[in-house]
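**Student:** task: produce atomic coordinates for the following.
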Amino acid sequence: MVEKGRVTVQEGKELQTELTRKASGIVPATKAELENLPFAKKEDVEALEAKMDAINAKLDQLLNK
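**Tutor:** Next up is the predicted model:
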C-alpha cells in the first residue's frame, strides 16, 4: 500500500476503516477482571518488602560480627 512513503486517499481511507474496526473490537478490562489476574497486589508487595527488610537486617548483623 505504501510506495515511496505515499499513501493514496483511498488507501488511507481503507487503513482508517481497518484501524477503527480493530480499535472498536478492543474492550478495556474491568476492575473485576483485573483483580482476577495473577498480578501482585499492594499487600503482596508490602509483605515482600517486609521480608526483604528482615533479611537485610540479619545480613547486617552477620556482617558486623
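**Student:** tell me the contacts of the residue nearest the centre of the chain?
**Tutor:** Closest residue to the average C-alpha location of the chain: residue 39 at 10.3 Å, with Cα atoms, centre = their mean. Taking Cβ atoms under 8 Å, 6 or more residues apart in numbering, we find residue 39 in contact with no residue. Any C-beta I mention is one placed from the backbone N, CA and C, and that applies to glycine too.
**Student:** ok, residue 46 next?
**Tutor:** Counting by Cβ under 8 Å, 6+ apart, residue 46 has no contacts.
**Student:** helix or strand: which one has it?
**Tutor:** helix 42-63 (DSSP states H and E).
**Student:** how about residue 32?
**Tutor:** Per DSSP H and E: helix 31-36 holds residue 32.
**Student:** how far is that helix from where the chain is centred?
**Tutor:** 14 Å (Cα atoms, centre = their mean, to the nearest Å).
**Student:** now do it, average pLDDT.
**Tutor:** The average pLDDT within helix 31-36 is 85.
**Student:** which positions in the least confident helix or strand in the chain by mean pLDDT come out as buried?
**Tutor:** The least trusted helix or strand in the chain, going by mean pLDDT, DSSP states H and E, turns out to be helix 9-24, with a mean of 82. By 16 or more other Cβ atoms under 10 Å, helix 9-24 has no buried positions at all.
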